[in-house]
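> Any chance you can model this:
(chains A and B)
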2 protein chains.
Amino acid sequence: MLSSNPVEKAQIIELNEVRDIRGQLVFGQLNGALPFKVNRFFMVSEVPHDTVRGAHAHRKCHQLLVCVRGSLKALVDDGSEQLIYELDSKTQGLYMPPLTWGSQFEYSPDAILLVFASEVYEESDYINDYLEFQELKKSVLR
Amino acid sequence: MLSSNPVEKAQIIELNEVRDIRGQLVFGQLNGALPFKVNRFFMVSEVPHDTVRGAHAHRKCHQLLVCVRGSLKALVDDGSEQLIYELDSKTQGLYMPPLTWGSQFEYSPDAILLVFASEVYEESDYINDYLEFQELKKSVLR
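Below is the predicted model:
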């Protein structure tokens, strides 16, 4: 569950899980483990172990990253602090608010990363230059 | 892509796929392969092969079923016609409009089913009685 300010900080969100004789059910929904309405999703797989994906921030888009299978590492950077999370369970989501720099790497061969996004694809929402990201972050915090 | 009336009929939607040396990317978004805003998601896995899940319809909720790994069978029933789809690719989604009876079965041991839903969980949205579903469907078509 998120705190009262859901867009404050990148963080791991525990997803709900139910197990019974019919299998495992993992779920999330708005106002719970899903902190925004999803207008886009994507799935990344078959990523070579030495490949780094991401390496950008978003101006407006919120994202939730769920490693559905296998494992990978996810770096989040709010402009002043960098943290690396190991994502290896489909019962956890990594929430990334707007203006968070992120990259993903060390995918296991079987890894499947599912990403929920609050916005449809718009090229202008991407910040691909780290210095520009830092400047923008400073100006927002000023 | 959906036809001009996106809620008309259960159907397979081809998801977009991009492959390059960094791996495989599969995606969908609103007004494309994702026919509704997602307010809830769930993932089903570790389902015994002889287990049938689902066996209900929704009054208002739209769903998109994506088999992320492995395979399973999905029955859809609009009250007059029954179709069984084999879901075995994460580049395909099975769209189920409201008032579609559905059940899923013959999950492979490694199957992971991802479901996007337009509504948060509400018990009263579920129709668990097939005869009630048929009556309701008839009254809507009248």
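> Now do the SS call for residue A:140.
helix (DSSP: H, G, I helix; E, B strand; the rest coil).
> residue contacts, it?
Contact partners of residue A:140, counting by C-beta atoms under 8 Å, 6 or more residues apart in numbering or on different chains, are residue A:99. C-beta here means a position set from N, CA and C on the backbone, and glycine is covered the same way.
> can you give me the strands for chain A?
Counting by DSSP state E, the segments of chain A that form strands are A:11-14, A:16-20, A:23-29, A:40-45, A:53-58, A:63-69, A:72-77, A:82-87, A:92-96, A:101-105, A:112-117, A:126-127.
> got CSV for those strands, with mean neighbour count too?
Below are those laid out as CSV (neighbours: other C-beta atoms under 10 Å in any protein chain shown):
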stretch, mean neighbour count
strand A:11-14, 16
strand A:16-20, 11
strand A:23-29, 19
strand A:40-45, 22
strand A:53-58, 19
strand A:63-69, 23
strand A:72-77, 20
strand A:82-87, 14
strand A:92-96, 23
strand A:101-105, 19
strand A:112-117, 24
strand A:126-127, 16
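> Let's have the ones you listed in CSV, adding distance to residue B:26 and mean pLDDT.
Shown next, in CSV, are these (distance: least, C-beta to C-beta, whole Å; pLDDT from 0 to 100):
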stretch, distance to residue B:26, mean pLDDT
strand A:11-14, 23, 95
strand A:16-20, 24, 96
strand A:23-29, 19, 97
strand A:40-45, 5, 97
strand A:53-58, 14, 96
strand A:63-69, 12, 97
strand A:72-77, 16, 97
strand A:82-87, 18, 97
strand A:92-96, 18, 97
strand A:101-105, 16, 97
strand A:112-117, 10, 98
strand A:126-127, 19, 97
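> can you redo those as a markdown table with distance to residue B:46?
Output for the strands of chain A, formatted as a markdown table (distance: least, C-beta to C-beta, whole Å):
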| stretch | distance to residue B:46 |
| --- | --- |
| strand A:11-14 | 19 |
| strand A:16-20 | 8 |
| strand A:23-29 | 4 |
| strand A:40-45 | 20 |
| strand A:53-58 | 28 |
| strand A:63-69 | 12 |
| strand A:72-77 | 21 |
| strand A:82-87 | 19 |
| strand A:92-96 | 17 |
| strand A:101-105 | 26 |
| strand A:112-117 | 16 |
| strand A:126-127 | 37 |
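> Not counting sequence-adjacent ones, nearest residue to residue A:53?
With C-beta to C-beta, 6 or more residues apart in numbering or on different chains as the criterion, residue A:53 has its nearest non-adjacent residue at 4.9 Å, and that residue is residue A:104.
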